[in-house]
Structures are given as structure tokens and as C-alpha cells.
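> Predicted model and sequence follow; I will ask about them next.
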Amino acid sequence: MDEQFDWLSLLEDGAIHLSSEQIGESYPFQIDGDLKVFLRRRGDTLVPYVTLATKQGEYAINGMARESGKYRDYQEIWKDNPKKPTSKMPMSGVMGLAMEMLKIKYPLVYEQLKAQA
């Protein structure tokens, strides 16, 4: 696939999916679902959206998805941290994995996003 010319297919249709089983112990949500990483246009740039698709609906995981107003708030399903009862499970593992998957599957897109940051 020539990623340089395949921008439109990278929008939600080309989403990367990771199940809660694939994520494992670092999965920070109370319900099972598929983590989705996809791109949306924002003006002249592409921005990554990270959402969680569940039977109960789709939840915004990153800021771009939250700002769109199209998804439910993940805080409704965010797990308490068993190691620190007064805090929630870290999101860094899931977000890092999402960006790593984007980097592996679409390296040219990842580099362009990195350059835009």
C-alpha cells in the first residue's frame, strides 16, 4: 500500500483495532471493548483519534476524540487502580500502544503526525 496517497482510506475505515485481551493487564476500563486508532481531517492536517468501541457505545479516549463531541466520556468506565485505591488505572500504556500500532502500520503517517506536533 502506498501510504503517501492513501490518506482517505486511513480515515475511520482504516482503523487499527486492539481488543481488551490483546492489551492485557494494562487495559484500564471496566468493560471489554476494542481500542480503535484512526485518522480524521482537521483543516489541512490529519489527527489521530483513539476510541473504545463497546456494546454500550463508543468512548473517546484521547483529546481529539473528546473534542469532537461524538463519543461518550471514557471516565464513565475507567477502572480504579488496584495498586493505588484512590487513583485510576494509568492511560499511558493504552495510549502508548495505540501510537506504537499507528507507527507500525502507517509509518509515513506517524512521522507526519510527529512532525506536526
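Received it, and whenever you're ready, just let me know what you need. Residues are numbered from 1 along each chain as shown.
> what helices or strands is the lowest-mean-pLDDT helix or strand in the chain leaning on?
Using mean pLDDT, DSSP states H and E, helix 107-116 stands out as the lowest-scoring helix or strand of the chain, at a mean of 80. Helix 107-116 is packed against strand 45-54, helix 92-105, with contacts defined by 3 or more C-beta pairs under 8 Å, 6 or more residues apart in numbering; DSSP states H and E. Every residue, glycine included, has its C-beta placed from N, CA and C.
> Give the buried residues for the longest one.
In this case it means helix 92-105. 94-95, 97-99, 101-102, 105 (16 or more other C-beta atoms under 10 Å).
> got the angle for it vs helix 107-116?
If you take axes from the mean of the first three to the mean of the last three C-alpha atoms, to 10 degrees, helix 92-105 sits at 120 degrees to helix 107-116.
> quick check: mean pLDDT across helix 92-105?
For helix 92-105, the mean pLDDT works out to 87.
> same question, the first one
Per-residue pLDDT values across strand 45-54 average out to 88.
> What strands flank that strand, and is each parallel or antiparallel?
Strand pairing for strand 45-54, using DSSP bridges, gives strand 34-42 (antiparallel), strand 57-60 (antiparallel).
> Can you point out the buried residues in it?
So strand 45-54, judged by 16+ other C-beta under 10 Å, has buried residues 46-52, 54.
> Identify the residues contacting S26.
Listed by C-beta atoms under 8 Å, 6 or more residues apart in numbering, the contact partners of S26 are 89-90, 93-94, 97.
> tell me the pLDDT at N81?
For N81, the model assigns a pLDDT of 93.
> give me the beta-bridge partners of it?
The partner residues for N81, given DSSP bridges, come to K84.
> Contact partners for it?
Applying C-beta under 8 Å, 6+ apart, the residues contacting N81 are 87-90.
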